[in-house]
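In: Sequence and predicted model, in that order:
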Amino acid sequence: MESLILLVNTIQRACTTVGDYGGGNNALSSLWEALPSVAVVGGQSSGKSSVLESIVGRDFLPRGSGIVTRRPLVLQLHKTENGTEDYAEFLHLTKKKFTNFSLVRKEIEDETDRITGKNKQISPIPIHLSIYSPNVVNLTLIDLPGLTKVAVEGQPETIVEDIESMVRSYVEKPNCLILAISPANQDIATSDAMKLAKEVDPTGDRTFGVLTKLDLMDKGTNALDVIEGRSYRLQYPWVGIVNRSQADINKNVDMMVARRKEREYFETSPDYGHLATRMGSEYLAKLLSKLLESVIRSRIPSILSLINNNIEELERELDQLGRPVAIDAGAQLYTILGMCRAFEKIFKEHLDGGRPGGARIYGIFDYNLPTAIKKLPFDRHLSLQSVKKIVSESDGYQPHLIAPELGYRRLIEGSLNHFRGPAEASVNAVHFILKELVRKAIAETEELKRFPSLQIELVAAANSSLDKFREESMKSVLRLVDMESSYLTVDFFRKLHIESQNVSLSSPTTDQYGEGQFRKIASNVASYIKMVAETLVNTIPKAVVHCQVRQAKLSLLNYFYAQMSQSQGKRLGQLLDENPALMERRVQCAKRLELYKKARDEIDAAVWVR
Ligand SMILES: Nc1nc2c(ncn2[C@@H]2O[C@H](COP(=O)(O)OP(=O)(O)OP(=O)(O)O)[C@@H](O)[C@H]2O)c(=O)[nH]1
């Protein structure tokens, strides 16, 4: 019977330890919010602290003017064997047992200030206090700051609204039972606690109404209309309470005495005598304990499914976040090389067709190069006027006797120079595509996402290799063009010579130096250039692929690997410096995953035992 509340206590403490105290202030889902709890809500001087101390049977809460409770206090009560001594423990001081409860009060004040600072701010980070006593029941209550307080000197103006939103962040949760404390000597309609409860729990399914200060009601009046549910219907019965008056507190009336006085009050009351067995703080505690137990039991299945879903989610995220970076240089080098290989694999897939990219290089050879060559201004270079000019300049004072050999050479060489442009353009176009594929492959390498420095280094190393490959490729393609000038294809001219002889035999009147001859020369050179173009349009791609594409596939990172093998731990560590936010995220995920797994095991064990 008692294990489920203790179980939730354990999980709640674990949640706070990993920074999960609900409120959705964390990008990670909250287990805390799924755990049933009892939030104690009350307005100024409603008697909230007195109710809690009556339930515990100890004087332990800070008192004073203004807003005293500034952090949620998770009060976990553990019933111990009769005759055992009461003691208290704080989650933030696990090694320390408190038997002097005035020191408990002091520690609550000090721990409150430790987080909120002396400027009396509030904080959603709860204080966990466990009290072990034979005079309590197993029950967990969350004491929240009082509503509608007046800020005192030094407290920010917004503190009243801040408190309301903090309290609301607890009571609006469907798993939260609301212990609404209202003083009987005020009109229930003005109760801050009931106003808020009505807003977040309009049907009153999870609101537990408590009326304090019954003894302070005007003589001749009573609170039976409220307590018997006539003026404010709730699913659970109202409970009336008579706490210690301020005079009793000042006289340090013992809590056990106060409880006895409270019992006598109800037993002898003409108004409430018939309800005596269902009135008072002890009855309230037992009722809340049973209620909390049954709510927890009913929520176990949904809590377990939430935990299992979150475990799956967190394991998935941790997979993506990857393992923490190793410390030793060997493991770091291994990690770096693994990521480099992953990057190279993706880069090659872009080239070989697994991913888009290689087709664009083919497009340079199949379309851009031939088109650029076709657009070369050979017509202008081989115009009649240009041919005449070049041939006559080449002949000098002695006109050529048979064929203008020198003129031909100059016309051809002049034309061949035009091929340099498209050749260079092909090399640069492929270089641009390869650099783009490097960027794409880096971005697509999942493992690299964690390491911005390594990404930068890899891009720099790859681009520097591509620059070297481009230089080599540029030399090769320009050599191809220059080779065409260095040695003209003799067969072409032999064939031309034979053809021209046949023509002159058939038409002996051809004028050696007339326009017709120059046109013929222009056409011969154009045919030769066409032949060279057909050669280059095939050989340039071969040189470009050999020097740039193939090298990129085979040795893009060779220089980087050589550098890495010489690097020391410090350098390797720098490359693996993860994005700090991402490292923190991994730590948070790992802590949260451990919490959920522990919680799952605890719940399984508790449910199994039952
Ligand atoms: N006579 C009598 N006095 C009570 C009762 N409950 C609380 N008081 C007194 O009312 C005053 C406020 O009680 P607290 O328990 O401090 O109420 P609180 O809501 O915690 O008030 P804050 O200090 O504003 O948080 C104290 O002087 C108590 O002694 C009660 O049932 N009967």
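Out: Yes, it's here. Treat the numbers as computed from the prediction; the structure is a model and nothing was measured.
In: Could you tell me the end-to-end distance of stretch 75-93?
Out: In stretch 75-93, first residue to last residue: 15 Å (CA to CA, to the nearest Å).
In: That one: how far from the chain's middle?
Out: The chain centre lies 40 Å from the centre of stretch 75-93; the measure is CA atoms, centre = their mean, to the nearest Å.
In: pLDDT on that stretch, on average?
Out: What stretch 75-93 shows for mean pLDDT is 92.
In: and the helix or strand containing R105, C-alpha only, in PDB?
Out: Under the criterion of DSSP states H and E, R105 resides in helix 101-116. What follows is helix 101-116, C-alpha atoms only, in PDB (Å, rounded to 0.1, in the frame of the first residue of the first chain):
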ATOM      1  CA  PHE A 101      13.400  21.000  13.600                       C
ATOM      2  CA  SER A 102      14.200  24.700  14.200                       C
ATOM      3  CA  LEU A 103      17.400  23.900  12.300                       C
ATOM      4  CA  VAL A 104      15.200  22.500   9.600                       C
ATOM      5  CA  ARG A 105      13.400  25.800   9.400                       C
ATOM      6  CA  LYS A 106      16.700  27.600   9.200                       C
ATOM      7  CA  GLU A 107      18.000  25.300   6.400                       C
ATOM      8  CA  ILE A 108      14.800  25.900   4.400                       C
ATOM      9  CA  GLU A 109      15.500  29.700   4.700                       C
ATOM     10  CA  ASP A 110      19.200  29.300   3.900                       C
ATOM     11  CA  GLU A 111      18.600  27.000   0.900                       C
ATOM     12  CA  THR A 112      15.900  29.300  -0.400                       C
ATOM     13  CA  ASP A 113      18.300  32.200  -0.300                       C
ATOM     14  CA  ARG A 114      21.100  30.100  -1.900                       C
ATOM     15  CA  ILE A 115      19.100  30.000  -5.200                       C
ATOM     16  CA  THR A 116      16.900  33.100  -5.000                       C
END
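In: And E293, how far from the ligand?
Out: Using CB to the nearest ligand atom, to the nearest Å, we find E293 at a distance of 26 Å from the ligand. Where C-beta positions appear, they are placed from N, C-alpha and C, glycine not excepted.
In: and that residue, what element?
Out: Take DSSP H and E as the rule and E293 turns out to sit in helix 281-321.
In: Off-centre distance for the following helix or strand past that helix?
Out: Per DSSP H and E, helix 281-321 leads on to helix 329-352 as the next helix or strand towards the C-terminus. Once both centres are worked out by CA atoms, centre = their mean, helix 329-352 turns out to sit 24 Å from its chain's centre.
In: And helix 329-352, what's buried?
Out: 332-333, 335-336, 339-340, 342-344, 346-351 (16 or more other CB atoms under 10 Å).
In: Could you do stretch 474-483 as well?
Out: Burial within stretch 474-483, assessed by neighbour count using 16+ other CB under 10 Å, is assigned to M474, S476, V477, L478, L480, V481.
In: Which positions in the protein make contact with the ligand?
Out: Listed as neighbours of the ligand in the chain under the rule CB under 6 Å from any ligand atom: 42, 44-50, 63, 68, 146, 212-213, 215-216, 241-246, 249.
In: Narrow those residues to just the buried residues.
Out: Applying a neighbour-count criterion of 16+ other CB under 10 Å, the buried members of the residues of the chain next to the ligand are 42, 46-50, 68, 146, 212-213, 215, 241-244, 249.
In: picking up where we left off before, farthest pair within the buried residues of helix 329-352?
Out: Q332 and L351 (29.0 Å; CB to CB).
In: For E107, which non-adjacent residue is closest in space?
Out: Of all residues beyond its chain neighbours, the one nearest E107 is F90 (6.1 Å), with distances taken as CB to CB, 6 or more residues apart in numbering.
In: make that V607, sorry
Out: I300 (6.2 Å).
In: Run a quick neighbour tally on the one you found.
Out: Residues lying near I300 (other CB atoms under 10 Å) number 17.
In: Could you measure from it over to the ligand?
Out: Counting by CB to the nearest ligand atom, the gap from I300 to the ligand is 33 Å.
In: I'd say that residue and L4 touch.
Out: Yes - under the criterion of CB atoms under 8 Å, I300 makes contact with L4 at 7.5 Å.
In: Tell me who's in contact with the closest residue to Q568 other than its chain neighbours.
Out: In space, and not counting its chain neighbours, Q568 is closest to A329: 6.7 Å by CB to CB, 6+ apart. For A329, the contact set (CB atoms under 8 Å, 6 or more residues apart in numbering) comprises Q568, G569, L572.
In: Just the buried residues of these.
Out: Counted by 16+ other CB under 10 Å, those give L572 as buried.
In: Return the subset of the contacts of A329 lying in strands.
Out: If you go by DSSP state E, the contacts of A329 have nothing in strands.
In: Using CSV, lay out the contacts of A329 together with distance to R114 and pLDDT.
Out: CSV is the format used below for these (distance: CB to CB, whole Å; pLDDT from 0 to 100):
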residue, distance to R114, pLDDT
Q568, 43, 78
G569, 39, 76
L572, 40, 88
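In: Just the closest of the contacts of A329 to S102, please.
Out: Using CB to CB, G569 comes nearest to S102 of the contacts of A329, at 55.0 Å.
In: distance of that closest one from D110?
Out: 44 Å (CB to CB, to the nearest Å).
In: surely L52 meets V40?
Out: Yes - the pair L52 and V40 qualifies as a contact (CB under 8 Å) at a distance of 6.5 Å.
In: Pick out the residue in the stretch 251-400 of the chain sitting closest to the ligand.
Out: Scanning the stretch 251-400 of the chain for the residue nearest the ligand gives E262, at 8.3 Å (criterion: CB to the nearest ligand atom).
In: So which bits of the helix or strand that residue falls within are buried?
Out: Assigned by DSSP H and E, E262 belongs to helix 255-268. Going by neighbour count (16+ other CB under 10 Å), the buried part of helix 255-268 is M255, A258, R259, E262, R263, Y265, F266.
In: Can you name every helix or strand that that helix contacts?
Out: helix 48-56, helix 281-321 (3 or more CB pairs under 8 Å, 6 or more residues apart in numbering; DSSP states H and E).
In: what's it in contact with?
Out: 53-54, 56-59, 135, 214-215, 240-244, 248, 253, 272-273, 275-276, 279-282.
In: chain center to that helix, what's the gap?
Out: Distance, stretch centre to chain centre, for helix 255-268: 56 Å (CA atoms, centre = their mean).
In: now D248, nearest residue through space, not along the chain?
Out: Closest to D248 by CB to CB, 6+ apart is A258, at 6.4 Å.
In: Let me know the distance separating the one you found from L179.
Out: 19 Å.
In: where along the stretch 501-610 of the chain do the helices fall?
Out: According to DSSP state H, counting those that start in this stretch, the stretch 501-610 of the chain carries its helices in the segments 515-544, 550-555, 558-566, 569-575, 580-609.
In: Would you mind putting the ones you listed into a markdown table with distance to I163 alongside?
Out: Output for the helices of the stretch 501-610 of the chain, formatted as a markdown table (distance: least, CB to CB, whole Å):
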| stretch | distance to I163 |
| --- | --- |
| helix 515-544 | 72 |
| helix 550-555 | 64 |
| helix 558-566 | 57 |
| helix 569-575 | 47 |
| helix 580-609 | 28 |
